[in-house]
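>>> Only the shape, not the letters, is given here:
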């Protein structure tokens, strides 16, 4: 496959004012890297005719695939289709299907404006991407050897539309199939993973392998190109097995986004539930787990016990013990997990106490966190020393990762560590 | 002040792979818009000498201020200083202070590499931005009528460095002072705010006013230019008063980021605490509030009661009542707030129960949420119908906003609504 350079142009003054983040460009880039298409540039430009024109001219020079996000809506700010059509000498024509859909929408909506109908204008000869998530359709066309795809800006429309229409459209540009899998790793950093596999990775051509760091874990991406999906998969398989063997229990999943996503099926499979008792993480572990649709089948609930009084009143911890050992202590962590398990009746109890900063307690350094797991009469505690230079957000997230990792390991029959 | 067009160039292949989001460009843009500097372009380019050179050439053509993020580290990928110096015909010279600092760092660090010392190389004549948050220094220089500023990529370094060094450096480019304040609004959408003030906003020149939508609330930004800060402030004051008067109690704060940030000082001032009983929000309200350093003084803790059993076991709700009324009901919301207040001893109890989706319960539509507040023998419940088309994340966040808003209103002596 010829290397097809891609540029993503995001159109919207709100992006330049910093009112919104350009997550569309990130999400599209991530999806494209999975099918082996290289994104070479992201450009953000405001709702301004002249500047958008210039950006499109630059992109035509340096890219084979132009993807735009934003500027497809009904207001007069929305210039993308007009500029792209013009840049390739195409007229805008009314799309009858989309027009009918918009009439229906307007008829049923209190937000009627004639402007809405302009959304049915599309460059002549384009493939229409019907928008099931909003009103403005996207589209694609080929002209002057370039492929142009346009999507609306709101991420709740852009991302599913790109997945549904953009990916198949770009896959079709090549006879080759590109397949990519990610191996997710916790408990060893990106640079250590890099060291482990550096020689092999440098020698690999197809499939390729590359490590990437995420905020609190990392991954290895393995990508193969072949004539068929089955062939690509069979090229990846031995590499994947080798990687899994070498990294062992530090691999928590394949093609998942986070530890909690890998944990949910393990809990469901064994019909087990857990409950949380969170001090310094303040509800973040519960929130993260319940971000996953369907989490309720494995998560009973829990307590956020920020103060010592709450630890005593909600979970029945002994105030004298807290006083004696300190709120940030192995003993309190242990009692949190055990008590929340007992109070809620969950199979597994998780406890977290520590210092997320910015202030310390005069005893421990900021970044000291005790994460505990109580299950079937046994309680484990991990003592983390994440370092005082870390942000509050990092310390909280990493503590959550350890809680999920402890459950994952126990459910997979692996050593959890330190038993009290 | 002459309009100074700004381009932010972010350098890093990881951005183009979608492994990280370009929050630096957003945060810098937001800080610049507050001092009235217009960002016209964001560009993202990989760690590639030739492509970075081309992007810098384009930026030199179209912008007066070039800000780079990323590519200042010690690895051979890090090309930014080299390319920018070259583009303006400057040599890289060793900065002695930074070199000494790096020697000390390396001496005390286990991650020694000779490469680290290359970080002390800076374009001749630049102002050095010492990096207190990491190792790679930033810098600024003026050449060929352009102002160039360079910052490291990691947001925990880039953002505080831009605030400390970048903002004063760019402010100094003008005799005029630009002051901007934001009025944060909850309970009325951006388009309604726009309608209310459209005529006035169109007629305004200095100060200016513009509405912006955030995910679950909105804001009006008021910006004035003057010879002094005091003068700019005095120009903004009457506009701000007018806006506050017109919007009334829907204004929750000035120059704050979110409802919880506005709520914390209200609670501290009255020495009051609250506790949360969360069902569908799954700990998100506790998590958001405890994201704020110092939150522990006003937040006792709470319960995440995802299942009916947890509602009964942790907070003592009557299982028969839950059965009869349904988990998503006004009665359960009321009991959650009242019980968590009693169990924890907090002054205010907050309860949330509802359907965040994607699945419904066969009775209510997804997006139905009851948010309750119990305080001093009185309980309020807000019934939200957020719409089944909303995402799980929106429904959860908006529910949290209502909880914070109810407390804010009660603490400010405003009507909270429906009393049961």
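In hand now; what should we look at? Because the structure is predicted, anything quoted here is derived from the model rather than measured.
>>> Please enumerate the strands of the stretch 251-400 of chain A.
Using DSSP state E, counting those that start in this stretch, the strands of the stretch 251-400 of chain A run over A:251-254, A:274-278, A:299-305, A:348-354, A:368-375, A:378-385.
>>> between the ones you listed, which gets nearest to residue B:396?
Distance to residue B:396, taken as CB to CB, is lowest for strand A:299-305 among these, at 14.6 Å. C-beta here means a position set from N, CA and C on the backbone, and glycine is covered the same way.
>>> hmm, the closest one touching chain B?
Yes - using CB under 8 Å from any CB of the partner chain, we find that strand A:299-305 touches chain B at A:299-305.
>>> of all those, which comes closest to chain B?
Nearest to chain B, judged by CB to the nearest CB, of the residues of strand A:299-305 next to chain B is residue A:301 at 3.3 Å.
>>> and that closest one, what does it touch?
Residues in contact with residue A:301 (CB atoms under 8 Å, 6 or more residues apart in numbering or on different chains) are A:275-276, A:286, A:344, B:303-307, B:310-311, B:314.
>>> got a markdown table for those residues, with neighbour count too?
Putting these into a markdown table (neighbours: other CB atoms under 10 Å in any protein chain shown) gives the following:
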| residue | neighbour count |
| --- | --- |
| A:275 | 31 |
| A:276 | 31 |
| A:286 | 31 |
| A:344 | 29 |
| B:303 | 36 |
| B:304 | 34 |
| B:305 | 31 |
| B:306 | 29 |
| B:307 | 21 |
| B:310 | 26 |
| B:311 | 27 |
| B:314 | 27 |
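>>> List the contacts of the nearest residue to residue A:308 once chain neighbours are set aside.
In space, and not counting its chain neighbours, residue A:308 is closest to residue A:322: 5.1 Å by CB to CB, 6 or more residues apart in numbering or on different chains. Neighbouring residues of residue A:322 by CB under 8 Å, 6+ apart: A:308, A:311-312, A:332.
>>> which ones among those residues are found in helices?
Counting by DSSP state H, these place A:308, A:311-312, A:332 in helices.
>>> okay, these in a markdown table with pLDDT next?
Converted to a markdown table, these look like this (pLDDT from 0 to 100):
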| residue | pLDDT |
| --- | --- |
| A:308 | 92 |
| A:311 | 95 |
| A:312 | 95 |
| A:332 | 97 |
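>>> could you dump these to CSV with distance to residue B:368?
Below are the ones in helices among the contacts of residue A:322 laid out as CSV (distance: CB to CB, whole Å):
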residue, distance to residue B:368
A:308, 37
A:311, 33
A:312, 35
A:332, 38
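>>> Specify which member of those residues is nearest to residue B:413.
residue A:308 (31.7 Å).
>>> okay, which residue is most central for chain A?
residue A:257 (5.8 Å; CA atoms, centre = their mean).
>>> ok so, going back, chain B versus the residue nearest to residue A:308, what's the distance?
13 Å (CB to the nearest CB, to the nearest Å).
>>> Format the strands of the stretch 251-400 of chain A as JSON lines; extra columns: mean pLDDT and distance to residue A:228.
Listed next are the strands of the stretch 251-400 of chain A as JSON lines, based on pLDDT from 0 to 100; distance: least, CB to CB, whole Å:
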{"stretch": "strand A:251-254", "mean pLDDT": "96", "distance to residue A:228": "21"}
{"stretch": "strand A:274-278", "mean pLDDT": "98", "distance to residue A:228": "42"}
{"stretch": "strand A:299-305", "mean pLDDT": "95", "distance to residue A:228": "41"}
{"stretch": "strand A:348-354", "mean pLDDT": "98", "distance to residue A:228": "43"}
{"stretch": "strand A:368-375", "mean pLDDT": "97", "distance to residue A:228": "45"}
{"stretch": "strand A:378-385", "mean pLDDT": "95", "distance to residue A:228": "45"}
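>>> Can you list the low-confidence ranges for the stretch 101-250 of chain A?
Scanning the stretch 101-250 of chain A for pLDDT under 70 picks out A:105-117.
>>> So which bits of it are right by chain B?
Counting by CB under 8 Å from any CB, the positions of the stretch 101-250 of chain A adjacent to chain B are A:156, A:212-214.
>>> Out of the residues you listed, which end up buried?
Restricting those to buried positions leaves A:212-213, with burial counted as 16 or more other CB atoms under 10 Å in any protein chain shown.
>>> Out of the residues of the stretch 101-250 of chain A next to chain B, which sit inside helices?
Using DSSP H, the members of these that fall in helices are residue A:156.
>>> Pick out the most distant pair among the residues of the stretch 101-250 of chain A next to chain B.
Most distant of these, by CB to CB, are A:156 and A:213, 27.7 Å apart.
>>> Would you quantify the distance from the residue nearest to the centre of chain A to residue A:217?
According to CB to CB, to the nearest Å, residue A:257 and residue A:217 sit 10 Å apart.
>>> next one: residue A:397
Residue A:397 is 10 Å from residue A:217, by CB to CB.
>>> Residue A:29 now?
Residue A:29 is 20 Å from residue A:217, where distance means CB to CB.
>>> for residue A:158, same thing?
Residue A:158 is 27 Å from residue A:217, where distance means CB to CB.
>>> Then residue A:307?
The value you get for residue A:307 to residue A:217, if CB to CB is used, is 31 Å.
>>> cool, residue A:393 as well?
As judged by CB to CB, residue A:393 and residue A:217 stand 15 Å apart.
>>> more crowded one of the two?
Using other CB atoms under 10 Å in any protein chain shown as the criterion, residue A:393 and residue A:217 rank with residue A:217 on top: 21 against 15.
>>> So the more buried one sits against residue A:189, correct?
No - at 9.0 Å, residue A:217 does not count as touching residue A:189 under the criterion of CB atoms under 8 Å.
>>> Pass me the low-pLDDT residue ranges in the stretch 301-420 of chain A, would you?
Checking the stretch 301-420 of chain A against pLDDT under 70 turns up A:418-420.
>>> mind running it again at 50?
Residue ranges of the stretch 301-420 of chain A with pLDDT under 50: A:419-420.
>>> From chain B, how far out is residue A:307?
Distance from residue A:307 to chain B, by CB to the nearest CB: 5 Å.
>>> do residue A:216 as well
Counting by CB to the nearest CB, the gap from residue A:216 to chain B is 13 Å.
>>> That residue should be in a strand, yeah?
No - assigned with DSSP: H, G, I helix; E, B strand; the rest coil, residue A:216 falls outside any strand and is coil.
>>> Do I have it right that it meets residue A:399?
No - between residue A:216 and residue A:399 there is no contact under CB under 8 Å: 9.3 Å.
>>> Who has more neighbours out of those two?
The neighbour count for residue A:216 versus residue A:399, taken as other CB under 10 Å, is higher for residue A:399 (27 against 19).
>>> For residue A:299, give the beta-bridge partners.
Under DSSP bridges, the beta-bridge partners of residue A:299 are residue A:274.
>>> and it, how far is that from residue A:252?
According to CB to CB, residue A:299 and residue A:252 sit 18 Å apart.
>>> how much space between the closest residue to residue A:295 other than its chain neighbours and residue A:162?
For residue A:295, ignoring the flanking residues on the chain, the nearest one in space by CB to CB, 6+ apart is residue A:289 at 5.2 Å. Distance, residue A:289 to residue A:162, by CB to CB: 28 Å.
>>> which ones are touching residue A:352?
For residue A:352, the contacting residues are A:276-281, A:285, A:333, A:336, A:369-372, A:399-400, A:403, by CB under 8 Å, 6+ apart.
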